[in-house]
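1. below is the structure, and that's it, no one-letter string:
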């Protein structure tokens, strides 16, 4: 959390006034929600901080419309409780960064969307950005702008909503977000294939995703990390885990099909709904590396078949522990000591491309490293032009993602 | 007929230079890729929004991304407007050219470049038709999910331009949710790759911004799309109701109970009659409203889900329930629905609205729509994606009757305003184009539109890409020009 004096506006108009005045003074502002992800990104040089934590409250929620609207500072916990009371959920199951970053505070719904924070269901239900339908924001000149709305299909004008998701507060201060919600699955089960190595696991996951069984989560936990999840209940070495969700009779049928197919690849066990639920929460929150320490952790996204090849290549050069989500396409790396940024990015490029974000490192390391994957020059110039069109004075979270953004 | 919608005044100085421009284009492309004869230009003078027609200056049909880039660079250097075109199936006039513009069509970029099953992705050129992706991967048990009604003809490039949806997006999402990456030619001819098989690149979601930008941010020449394993089976079921209102309430109840079928399509009586006459799909003729509810999975799964849906439908006094008994019957049911626009076109001229409303507002909006239609003395057929609130009233009229044509356009505008006032939007999947351009202020404030236009200017500082579309012509003074200047200066300082 920043040491700066933090302002807590209570209305959208107050946010607009504060940003307009910062714009007039050319004075950079750090934009915060609950501050639980403040240690993610480049350290900022801001003159003051603005938190939306007092812009709270669910503003529109009719469960039968599958849409919710809330002010940006509404705690995620409040949103999830309101949804649970109606047997609904955020389908993109946002990760809670607090365990990994040893952070305190309350994550807000605005922060979830500003960071495009998604979880294991990304491969079947999309990312946070796919579920964001509308926004109200204050741009860097202090103007209130809205985009999108509260309907599920909307192609009216340029989709600025997408730009806001994952912009880390550099384009505008989110004041209100409108997002899709879905019924909670009636039940879930997880098929565990034990003892596969990383390459075999990648093949097994691809085979499972090619079946007509609607896998909603596919992860691989090597033997080195398996004791950290599901209260250590999964035995038998490495675990390749495949989640099925839906109506009870349907999950039962699909479990049978998937068990039969996976049984040819390794020893198969099935986790009940409760154990499955806990396991996927641990995977979502990167429990294997939530060690309270500060060893560098990378979040790497590559084509699913390239994940294990990246880890194998890195292991020949440096000390690294790893596990996989998103069918192998999301690789979490914990480095022994140095982040080895150049090495990690060089190998990603050699394996067909992707990107690496240094989600955990001490401030000195983050200041000296490109935390987010650098863009090619033409896209970098385009990103700077977009930034300019939202925040001509460069007052919103300047430099948090990239220099000049 | 009279025209309610204006185009930008053609730039005389460009039209006067036509012979020189044609000669220059001929240097950039093979002869077979350049169309300049008036007779051959006629097929490009409109799209599926046929009330409006404009002849272009020339049409180019490049065979490579490099050729697209060369033409784009030339047009930008010479301030010549460019109209990107897929198959020309836009219902909102998104591909209608103008007299001073060069059309860049992607129809010759029609190759599927790569199918990658382990990573569940396909790389295709922009002119590949929507259906051909699913056809190419069908034998291996996969499909590409977005399925607009025009999927036999429409291109993936056009789908990206309009962020197209379809009947099955209730479960699988629209184009933006199924697009992994693009290769795009920028305004100045530079070529960029955005996204790819690795998900969620950091930084601004350029892919999400480009999808649905109606050809105003660049010209997409290749796309990487997500493939999904086909369900084991699919079963559409017909539910007939005594009134549109009870059918609408049934939809709200199905969704509210926590059941998300793969599709819920709605048809009112006029639509049922038109589609049945065309497709002989076996639709019940003694009901006022029809729902097509499709479920997927194994037989056991479909039975379990249908049991619950039927129970809800019974609570709403459903009159007829008809389950498809075979793949042929299922295909017929969908043929009837997907041919709704074409079948309507055989009996009358029509314009198709595309507003989306919150699900709780469906019944209210249906009632008000028929009041508006009655007010203008016209007829309407309603056929739409009820599960996501995306309405498609087809307003029937006689195009040879100028008074009726005008009334149809006015009724359409009233209906779209109704959708916005009910908490919805002007367009769910067809795009703004020229059709809804002048209604944009009903949905957005000047500040909202100015921000969109500034972003647009970051991609196209001179506003040469599809310039008559999306943004009201009269609100453009100042904001975008300032932005264009800022962009240019910024581009220089960044270079």
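-> Received it, and whenever you're ready, just let me know what you need. For clarity, every value in this text was computed on a predicted model and none was experimentally measured.

2. doesn't residue A:216 fall inside a strand?
-> Yes. Assigned with DSSP: H, G, I helix; E, B strand; the rest coil, residue A:216 falls within a strand.

3. give me the helices and strands touching the helix or strand harbouring residue B:41, please.
-> Secondary structure assignment for residue B:41, by DSSP states H and E: helix B:38-41. Contacts defined by 3 or more CB pairs under 8 Å, 6 or more residues apart in numbering or on different chains; DSSP states H and E place helix B:38-41 against strand B:58-60. Quick note: C-beta positions are derived from backbone N, CA and C, even for glycine.

4. how close does the nearest residue to residue B:357 once chain neighbours are set aside get to residue A:67?
-> Of all residues not flanking residue B:357 in the chain, residue B:424 sits nearest, at 3.7 Å (CB to CB, 6 or more residues apart in numbering or on different chains). Relative to residue A:67, residue B:424 is positioned 11 Å away (CB to CB, to the nearest Å).

5. joint contacts of those two?
-> Shared contacts of residue B:424 and residue A:67 (CB atoms under 8 Å, 6 or more residues apart in numbering or on different chains): A:151, B:358.

6. tell me how far residue B:134 lies from residue B:112.
-> From residue B:134 to residue B:112 the distance is 11 Å (CB to CB).

7. so which of the two has more stuff around it?
-> residue B:134 (20 against 16; other CB atoms under 10 Å in any protein chain shown).

8. wait, is that one part of a helix?
-> Yes. Using three-state DSSP, the assignment for residue B:134 is a helix.

9. backbone phi and psi for the closest residue to it other than its chain neighbours, please?
-> Spatial nearest neighbour of residue B:134, excluding adjacent residues (CB to CB, 6+ apart): residue B:143 at 4.4 Å. For residue B:143, the backbone dihedrals (degrees, to the nearest 10) come out as phi -150, psi 160.

10. does residue B:143 touch residue B:132 like I think?
-> No. Taking contacts as CB atoms under 8 Å, residue B:143 lies outside contact range of residue B:132: 11.7 Å.

11. and those two? Which one has more around it.
-> The neighbour comparison of residue B:143 against residue B:132 (other CB under 10 Å) goes to residue B:143, with 20 against 17.

12. looks like residue B:7 contacts residue B:53 (just checking).
-> No. In this structure residue B:7 lies outside contact range of residue B:53 using CB under 8 Å: 10.5 Å.

13. the two: who's more crowded?
-> Neighbours were counted for residue B:7 and for residue B:53 using other CB under 10 Å; residue B:7 has more, 19 against 14.

14. and what about the more buried one, helix, strand or coil?
-> Going by three-state DSSP: residue B:7 is coil.

15. mind listing what it touches?
-> By CB under 8 Å, 6+ apart, the neighbours of residue B:7 are B:54, B:98, B:434, B:468.

16. which one of the residues you listed is nearest chain A?
-> residue B:434 (13.9 Å; CB to the nearest CB).

17. and the gap between the residue lying closest to the closest one once chain neighbours are set aside and chain A?
-> Using CB to CB, 6+ apart and skipping residues adjacent in sequence, the residue nearest residue B:434 is residue B:93, 4.0 Å away. Counting by CB to the nearest CB, to the nearest Å, the gap from residue B:93 to chain A is 14 Å.

18. can you pull the contacts of residue 159?
-> No chain was given, so I picked chain A. Contacts of residue A:159 by CB under 8 Å, 6+ apart are A:147, A:148, B:163, B:176, B:208, B:209, B:211, B:212, B:213.

19. that's the other chain; I wanted chain B
-> B:86, B:130, B:146, B:148, B:175.

20. over to it. Which of the three states is it?
-> Per three-state DSSP, residue B:159 ends up helix.

21. all set, thanks.
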